[in-house]
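Predicted model, plus sequence, below.
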Amino acid sequence: MYVCVCVCVCVSMLGVCDGVTFGQLCSGNPTNRIRGSDKWGVGHHGARRTGHTHNGVDIVCQDGATVYAPFDLTIERRARPYTDPKKAAINNGILARGQGVCFKLFYVAPVKVSGSVAAGQRLGVLLPMQQVYPGITSHLHLELCDQSDPTPYL
C-alpha cells in the first residue's frame, strides 16, 4: 500500500505556502470569482481606495449567503475592518490560520470566533453589504495577514 503525502513548503518572507489553494468561500460562487468594477470601485488586490490601497481581494458573495472554511483552519479571534459606527452592519469577521496561511475574512457574521473548523464547514453568513454600500457587488473580503496578494491562492 502506498500513501501519498503533500508537503507544504512555507515561504518565510511571504508567510504563505506553495501549493495552497482556497476552497469555495461563499455559496453561489464555487470558483471564488473576484468582484469586478462597480460604482464603489474594484475588488482586486492593490486597487486604489480613498486614502489607501486595497490589501485584499473581494470574493463575490450575496448578502446572507453561507461562508465556508476554505480548508481545515483554526479561528484565532474576531476581526473588524472598521471603526466608523455608520458601517456597524457589516463590521465583523475573523482572523484564522490553516495550511500555513494567516488570513482575515471581513463582512461575515461568524458562527464562532475561536476554535477549529473543518474544510467546507460553515463559518457564518455574509452581512448586508447593500445596507452600507447600496449598489455594490456584495462580497466577502479576503486579506492575508502579511497583506500580500491572495489571488494566486484562489
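Here it is on my side, so go on.

Helix, strand, or coil at the closest residue to Q131 other than its chain neighbours?
Leaving aside its sequence neighbours, Q131 sits nearest to A89 (CB to CB, 6 or more residues apart in numbering; 4.8 Å). For glycine as for every other residue, the C-beta is placed from the backbone atoms N, C-alpha and C. Judged by DSSP: H, G, I helix; E, B strand; the rest coil, the three-state class of A89 is helix.

The one helix or strand L95 maps to: which residues count as buried?
Under the criterion of DSSP states H and E, L95 resides in strand 93-98. Under the neighbour-count criterion of 16 or more other CB atoms under 10 Å, strand 93-98 has G93, I94, L95, A96, G98 buried.

and the second one, what does it touch?
Which is I94. I94 makes contact with I75, E76, R77, R78, A79, K104, L105, V108, P110, V113, L123, G124, according to CB atoms under 8 Å, 6 or more residues apart in numbering.

which of these has the most neighbours?
L105 (27 neighbours; other CB atoms under 10 Å).

give me every residue that touches that one.
Contacts were defined as CB under 8 Å, 6+ apart; by that measure L105 touches L25, V67, A79, G93, I94, A96, L123, L140, H141, L142.
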